[in-house]
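Chemist: Here you go, sequence then predicted model.
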Amino acid sequence: MLRSSRLPDEQKNTIEWRTQFDHFLEQIDDLKPAVGEPEYRYFYRMATALTAALSVAPPGPDREKVLRRLVGFLGSSSFQQESVLEWYAQVQRTASSVRALGPEATARFLSELERSGNPILNLYAVAAKVITDNKN
C-alpha cells in the first residue's frame, strides 16, 4: 500500500515510489467483484481505491491516467442503473476530491467527464463549468 500521501510531488519521481505506485494501480486493475458480492460493495471498493490513487498521484501523466480510469469506471458502472442516487453521490464525492487537487486537475476531470460518453457525467461537467464561469 502506498504511504506517500504526504510526500511532496517532487519526491515521487524516484524509481522506488514509481514502482510502488504502478504496483498499486495493478492491484486496482485486478479488483474484481467477489463471488456473491453485491454490486454496491464492489462499486465502493473500486471507487475508493481509484480515489486513493488519485490523491497520491503527482500532477502530469500519472494523475491523468488515474483520472481517465476513474471516469471510465464511473461511466461504465452498472451500479448507476441499480441506484442512480448513490452512484451520483459518488460522482460528487469524486469531484470534491478532485477539486482539492487544484484547478488544473478539476479542469482535466471535467474534460474527461464530457468525453466519457455517459450523458449524466457529461451534463455534470457542463453544469460545473457553467457554474464556475458564472462565479468568476
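Modeler: The structure has been received and is ready for your questions. Numbering: from 1, shown residues only.
Chemist: in what helix or strand does residue 73 lie?
Modeler: Using DSSP states H and E, residue 73 sits in helix 61-76.
Chemist: which other helices and strands contact that helix?
Modeler: If you count contacts as 3 or more C-beta pairs under 8 Å, 6 or more residues apart in numbering; DSSP states H and E, helix 61-76 packs onto helix 15-29, helix 39-56, helix 84-99, helix 103-114, helix 119-135. For the C-beta atoms, the positions are set from N, CA and C on the backbone; glycine is no exception.
Chemist: Give me the contacts around the second one.
Modeler: If I follow you right, that is helix 39-56. For helix 39-56, contacts defined as C-beta atoms under 8 Å, 6 or more residues apart in numbering pick out 2, 4-5, 7, 12, 21, 24-25, 27-28, 31-34, 63, 66-67, 69-70, 73-74, 77-79, 82-83, 86-87, 90, 93-94, 97-98, 101.
Chemist: what's the offset of that helix from the middle of its chain?
Modeler: What separates the centre of helix 39-56 from the centre of its chain is 8 Å, taken as C-alpha atoms, centre = their mean, to the nearest Å.
Chemist: Quick check: buried residues in it?
Modeler: 42, 43, 46, 47, 49, 50, 51, 52, 53, 54, 56 (16 or more other C-beta atoms under 10 Å).
Chemist: Distance to residue 123 and pLDDT added to those, as JSON lines?
Modeler: JSON lines is the format used below for the buried residues of helix 39-56 (distance: C-beta to C-beta, whole Å; pLDDT from 0 to 100):
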{"residue": "42", "distance to residue 123": "25", "pLDDT": "94"}
{"residue": "43", "distance to residue 123": "20", "pLDDT": "94"}
{"residue": "46", "distance to residue 123": "23", "pLDDT": "95"}
{"residue": "47", "distance to residue 123": "19", "pLDDT": "95"}
{"residue": "49", "distance to residue 123": "26", "pLDDT": "95"}
{"residue": "50", "distance to residue 123": "21", "pLDDT": "95"}
{"residue": "51", "distance to residue 123": "21", "pLDDT": "94"}
{"residue": "52", "distance to residue 123": "27", "pLDDT": "92"}
{"residue": "53", "distance to residue 123": "26", "pLDDT": "94"}
{"residue": "54", "distance to residue 123": "22", "pLDDT": "93"}
{"residue": "56", "distance to residue 123": "29", "pLDDT": "90"}
